[in-house]
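**Q** Model the following, please.
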Amino acid sequence: MYTNKLIDAYKERMNYVQYKQIAHDLGVSPQMITEVRKGRTYLNENQILMLADVVGEDKEKALVGLALDKAKSDEAQTLWNSIAKKYNGHGLTSISMACGAIALYLEPLQQCVLSILC
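**A** Below is the predicted model:
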């Protein structure tokens, strides 16, 4: 589910250890986060947009992902999947790649700073 990936990205971005910390940020109970993660209920649009904003996710993609999670019929799921494919290469994948690139860039810089300090 898209929402679970977004929640996990938010948790990582905020350096949270527990999902109840996310629940607090969203103004919901920890039980609701559990229900969302199990696919029994869904976050609302404002909550999804808040998570997307913090992790740097495209807000349109976030809303499409929410709609895909909520889709009940096979036809609706197929259509939302088709729309989601238009965002292929964007979003959480590009966030991960960007973080990796930054980490690679900072490694030599850290070595340089350490050599100067020592």
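**Q** those strands in this structure, which residues are they?
**A** In the chain, no strands are found when defined by DSSP state E.
**Q** Extract the residue ranges of it that are flagged as low pLDDT.
**A** Residue ranges of the chain with pLDDT under 70: 87-118.
**Q** Where do the helices of it begin and end?
**A** 2-13, 19-26, 30-37, 45-55, 59-70, 74-85, 92-117 (DSSP state H).
**Q** any chance of those in a markdown table, plus mean neighbour count?
**A** Glycine gets a C-beta too; all of them are placed from N, C-alpha and C. Listed next are the helices of the chain as a markdown table, based on neighbours: other C-beta atoms under 10 Å:
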| stretch | mean neighbour count |
| --- | --- |
| helix 2-13 | 18 |
| helix 19-26 | 17 |
| helix 30-37 | 16 |
| helix 45-55 | 18 |
| helix 59-70 | 18 |
| helix 74-85 | 12 |
| helix 92-117 | 10 |
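**Q** distance of the residue lying closest to residue 3 once chain neighbours are set aside from residue 39?
**A** For residue 3, ignoring the flanking residues on the chain, the nearest one in space by C-beta to C-beta, 6 or more residues apart in numbering is residue 69 at 5.1 Å. For residue 69, the distance to residue 39 equals 7 Å [C-beta to C-beta, to the nearest Å].
**Q** Name the residues contacting each of the two.
**A** Residues within reach of residue 69 and of residue 39 at once, by C-beta atoms under 8 Å, 6 or more residues apart in numbering, are residue 1.
**Q** List the residues that contact residue 41.
**A** 32, 35.
**Q** Can you list phi and psi of it for me?
**A** phi -150, psi 180 (degrees, to the nearest 10).
**Q** Can you give me the separation between it and residue 83?
**A** If you go by C-beta to C-beta, the gap between residue 41 and residue 83 works out to 23 Å.
**Q** and if you look at residue 18?
**A** Per C-beta to C-beta, residue 18 is found 33 Å from residue 83.
**Q** Equivalent analysis for residue 37, please.
**A** To residue 83, residue 37 is 24 Å away according to C-beta to C-beta.
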